[in-house]
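S.K.: show me how the following folds:
(chains A and B)
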Amino acid sequence: MSPAAAPDLSMFNRFMVTFRKGDIIFCEYEPGDTFYLLQAGHVQIVRIIGDLEKNIDVLNPGEVFGEMAILEEAPRSATTIALDEVKALEFNRENFEVLMMGNPQIAMRLLKLFIKRIYDQKRRFMILTLEDVEAKVADVFLMLAENQTVDTSAGESIEFKTTVEDMSHWAGIPAGQCREVLNHFVAQRRIELHPDKIVVRNINDFARFVGSRRKHQEK
Amino acid sequence: MPKAVQYRANSIIYFKGDQSDRIFLLNAGKVSLSYIDIENGQEMRDLIKTGEFFGVKSALGHYIREETAIVLQDSTVMVFSVPEFEQLASKNTRIITKMLKVFSNQLRRIHKQVQTLLVSDEQVNPETGLYKIGEYYMKNKRYAQALHAYKRYLVYYPSGAFATDVTTKITSAEDFLSRYGAGEGPAPVASAAPAATAAAAGLAPSVAAAPAQAAAGTSDLAQQYYNAVSLVSQEKYMDAFKAFKKIIDDGADAEYSTKAEFEMAKCLFYLKQFDSCIKSFTVIVQKFPKHPEMKDAIFFVARSYEEKGDKARAAGLFKKILTMGTEDDPVIRKVKKALRALEGGGKA
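M.R.: Take a look at the predicted model:
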């Protein structure tokens, strides 16, 4: 949503916080009890995986972040850094309801965000409940394809901007094991492994494979 | 304009797998949602109360319907398009806040379900995780970011395993930041405990955390273990599970790791993760065929099967335990009671 279309939040100015360029707003793993509505500037979301800082997303004014803190004081799942001067409204569970009551647009945006999170988590759950490791990894490709909303019916090869570490994170298996599985897929000529991307030759082949494993498990 | 639609008993409002942007509000009658529980694969039914919305998540999120909406008694249902629903909700934010609560509960639940499946995953304990973030930025000469992470560490873990190290690093980072600025100057993470080197090498967090824990001493470990046991007695099974897992991850002591593994499997039972419970105990029993608490292990497996509805298997295992002990053994008494309940419980 563009800043121009954002609702008037001037009455919440007392919740306004400012960050300088480069400031960490919150760190992955620290307990979270606040969430933010970005008013001005840009926020980068990163995770440190192994020895690399991985960019997850860059947020624009109008977007919400840290919203999981509304649910419980779970550790933050990523680090957020101000890319330029950032102004954001900072809320906690106590004043959250006041904000929502007066701002249906924000409430609706949050509602949709929660819906997406529920689906994402459910999808992840489906991957994790697969017993077969190869099926897990294959199902991660299917999930990525769903998120890219690519047309899978054509049966053409699909490129994923993903890494072994990413794949292992989603599949819930150690990176070493994930690499083994991917190498096996390479040997079977089902995928191509590149430093910055993985190409799946035929996603439908993976869909059939995962489907049959899931069916087999249900028996 | 939303319109009122009459549905006859036994008709279907929508099917699982449908894609639609309609949202429904039950005005009168009886509607049930039938869906497959993702955890146990069983068919579940939720009754919609009058005045309740349904079909919201799939319509707002543009997903296919996950459930079938069945009319149990003749019903009147208001049908909204997404824009109509949004308009209504914008005038009555209570609708949204109420839904936010429902969805946040669902989200919390699925989040927990996912976390329990990540037992063998890369879950890092938050303390080590936060420390490693500081280490990462320090190493990359991003002193301001390192300082932030280190300072947060001290707020939450003032006497944590890395506290001394972090205090020294804060002084260095402040010094470097003022003297050289970001991106310049030394990156003194190699001076840290072996943990830092392991982290830099991208090793698994459990490996990285081990030396620090070992240094903390086994009496601390015992304390840690009994704190976790006490969480079990407080019925805080999720917290207990995490605490036991941390002991295993830290890997400082084989004896405590073995004990913790056993307790973790028990927690899974209380968390109703019956399949995972069975799996965990099976692994333990295979690893330690002479486990001193073998009877207990089988007992939890049997109870898990019972909870899953597999009474024959449960009874078989209970009977097996009976052959392993005598009358004065509390486990045997527990088993006899469970068997009586199982056999007297009929076919339900």
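
S.K.: need the residues of the stretch 101-250 of chain B near chain A, please.
M.R.: B:103-104, B:106-108, B:110-111, B:113-114, B:117-118, B:120-122, B:124, B:126-127, B:129-130, B:132-133, B:136, B:140, B:142, B:144-145, B:148-149, B:152, B:156, B:182, B:200-202, B:204 (C-beta under 8 Å from any C-beta of the partner chain). Heads up, the C-betas are built off the backbone N, CA and C, glycines and all.

S.K.: from B:Q42, how far off is B:D21?
M.R.: Using C-beta to C-beta, to the nearest Å, B:D21 is found at 29 Å from B:Q42.

S.K.: returning to what we had before: can you select the buried ones from the residues of the stretch 101-250 of chain B next to chain A in ChimeraX?
M.R.: Per 16 or more other C-beta atoms under 10 Å in any protein chain shown, the buried members of those correspond to this ChimeraX selection:
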select /B:103,104,106,107,108,110,111,113,114,117,121,122,124,126,127,129,130,132,133,136,140,142,144,145,148,149,152,182,200,204
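
S.K.: now, which of the residues of the stretch 101-250 of chain B next to chain A lie within strands?
M.R.: Using DSSP state E, no member of those sits in strands.

S.K.: helices - which of the residues of the stretch 101-250 of chain B next to chain A land there?
M.R.: Among those, the residues falling in helices (DSSP state H) are B:103-104, B:106-108, B:110-111, B:113-114, B:117, B:126-127, B:129-130, B:132-133, B:136, B:144-145, B:148-149, B:152, B:156, B:200.

S.K.: make sure I have this right: B:A69 is in a helix.
M.R.: No - B:A69: not assigned to a helix; according to DSSP: H, G, I helix; E, B strand; the rest coil it is strand.

S.K.: I figured it hits B:G55, correct?
M.R.: Yes - when contacts are counted by C-beta atoms under 8 Å, B:A69 is listed as touching B:G55 (6.8 Å).

S.K.: re earlier: more neighbours: which of B:D21 and B:Q42?
M.R.: For the pair B:D21 and B:Q42, the greater number of neighbours falls to B:D21 (15 against 10), based on other C-beta atoms under 10 Å in any protein chain shown.

S.K.: from the middle of its chain, how far away would the helix or strand of chain A with the lowest mean pLDDT be?
M.R.: Here the helix or strand of chain A ranked lowest by mean pLDDT, DSSP states H and E is helix A:93-102, holding a mean of 78. Distance of helix A:93-102 from the chain centroid (C-alpha atoms, centre = their mean, to the nearest Å) equals 25 Å.

S.K.: equivalent analysis for stretch B:306-319, please.
M.R.: 26 Å.

S.K.: what sits up against that stretch?
M.R.: B:40, B:272, B:274-275, B:298-299, B:301-303, B:305, B:335, B:338-339, B:342-343, B:345 (C-beta atoms under 8 Å, 6 or more residues apart in numbering or on different chains).

S.K.: buried among these? Need that as a selection in PyMOL.
M.R.: A single PyMOL command selects the buried members of the contacts of stretch B:306-319 (16+ other C-beta under 10 Å):
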select buried, chain B and resi 274+298+299+301+302+303+305+335+338+339+342
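
S.K.: the contacts of stretch B:306-319 in helices, which ones?
M.R.: B:274-275, B:298-299, B:301-303, B:305, B:335, B:338-339, B:342-343.

S.K.: farthest pair within these?
M.R.: Greatest spatial distance among the ones in helices among the contacts of stretch B:306-319 (C-beta to C-beta): B:D275 and B:E343, at 24.2 Å.

S.K.: what is the spatially closest residue to A:V64 that is not a sequence neighbour paired to in the beta sheet?
M.R.: Once flanking residues are discounted, A:V64 sits nearest to A:L37: 5.6 Å by C-beta to C-beta, 6 or more residues apart in numbering or on different chains. Beta-bridge partners recorded for A:L37 (DSSP bridges): A:V64, A:L89.

S.K.: contact partners for A:L37?
M.R.: Per C-beta under 8 Å, 6+ apart, neighbours of A:L37: A:9, A:62-64, A:88-89, A:91, A:99, A:106.

S.K.: any idea which of those has the most stuff around it?
M.R.: A:A88 (28 neighbours).

S.K.: number of nearby residues for the residue lying closest to it once chain neighbours are set aside?
M.R.: Nearest non-adjacent residue to A:A88, counting by C-beta to C-beta, 6+ apart: A:Y36, 4.3 Å away. By other C-beta under 10 Å, 24 other residues sit near A:Y36.

S.K.: I'd assumed A:F65 was in contact with A:Y36.
M.R.: Yes - using C-beta under 8 Å, A:Y36 makes contact with A:F65 at a distance of 5.3 Å.

S.K.: shared neighbours, the two?
M.R.: A:V43.

S.K.: which residue ranges make up the domains of chain A?
M.R.: The record's domain parsing of chain A by automatic domain parsing lists A:3-105, A:127-218.

S.K.: which one of those has the lowest average pLDDT?
M.R.: Of all these, the minimum mean pLDDT falls on domain A:3-105 (a mean of 84).

S.K.: distance between that domain and the chain's centre?
M.R.: 15 Å.

S.K.: what's the separation between the residue nearest the centre of chain A and B:V114?
M.R.: Closest to where the C-alpha atoms of chain A average out (C-alpha atoms, centre = their mean) is A:I56, at 7.1 Å. Per C-beta to C-beta, A:I56 is found 18 Å from B:V114.

S.K.: so the closest residue to A:Q39 other than its chain neighbours: helix, strand or coil?
M.R.: Ranked by C-beta to C-beta, 6+ apart and with sequence neighbours excluded, the top spatial neighbour of A:Q39 is A:K87, at 4.5 Å. Classification of A:K87 by three-state DSSP places it in strand.

S.K.: doesn't A:G41 make contact with A:K87?
M.R.: Yes - between A:K87 and A:G41 there is a contact under C-beta under 8 Å: 6.2 Å.

S.K.: more neighbours, those two?
M.R.: More neighbours surround A:G41 than the other of A:K87 and A:G41, with 19 against 15 (other C-beta under 10 Å).

S.K.: quick one: contacts for the nearest residue to B:L117 once chain neighbours are set aside?
M.R.: Spatially, and ignoring its direct neighbours in sequence, B:L117 is nearest to A:L128 (4.0 Å; C-beta to C-beta, 6+ apart). Listed by C-beta under 8 Å, 6+ apart, the contact set of A:L128 reads A:136, A:171-172, B:114, B:117-118.

S.K.: good, wrapping up.
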